[in-house]
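# Provided below for reference: sequence and predicted model.
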Amino acid sequence: MNKEPVILYVEDDAKSRTIMNLLLKSRMRLQHVTIFEDSTDFLKKLRSLRPIPNIIFLDIHVKPYDGFEMLAMLRLDAVFHRTPIVALTASVMNEEVQQLRLMGFDGCLAKPIDLDTFPEILSRLLNGETIWRIID
């Protein structure tokens with residue numbers, strides 16, 4: 001990675017938030033990590049973040065806006081329309097993965113996250129790769 005990533009993760013499951021927080025902040029020692037526990041006031045909260053996230057991870061099944069709705073907001077936003085946006089989901093049926101691709105996600109990672117391979121995957125995503133890691 002050229003520069004330290006600035007990460008936003010939107011996740012309503014407390015266990016998933018805890019795991020990602022420990023992985024990013026403790027294990028990877030990243031400084032700029034924000035985790036929203038739901039999608040209430042999503043764009044307002046996102047626009048207030050400093051520094052601006054350069055990669056966004058979205059749980060698909062969040063409320064009030066699901067991952068697809070948040071993705072649509074991001075793709076219409078002048079600041080975030082080219083930001084890599086990766087879906088994180090426990091439901092990884094082929095139909096949903098195809099829908100994620102068609103809607104414009106830059107990748108999909110199955111939950112639970114593989115703690116050993118995640119640092120490399122993050123680096124690859126930040127370098128412009130699309131990653132569809134749906135099988136453990």
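Nice, I can see it.
# how much space between the residue positioned nearest the centre of the chain and E95?
Most central in the chain under CA atoms, centre = their mean is F57, positioned 0.5 Å from the mean C-alpha point. Using CB to CB, to the nearest Å, we find F57 at a distance of 21 Å from E95. Just so you know, the C-beta spots here come from the backbone N, C-alpha and C atoms, and that holds for glycine as well.
# can you tell me the SS state at S91?
For S91, the assignment made with DSSP: H, G, I helix; E, B strand; the rest coil gives coil.
# now for it: which residues touch it?
Residues in contact with S91 (CB atoms under 8 Å, 6 or more residues apart in numbering) are 60-61.
# D116 versus that one, what's the distance?
Looking at S91 against D116, where the rule is CB to CB, the gap reads 23 Å.
# so which helix or strand takes in M73?
When secondary structure is defined by DSSP states H and E, M73 falls within helix 67-75.
# who are the packing partners of that helix?
For helix 67-75, the helices and strands in contact under the criterion 3 or more CB pairs under 8 Å, 6 or more residues apart in numbering; DSSP states H and E are helix 42-47, strand 55-59, strand 85-89, helix 94-103.
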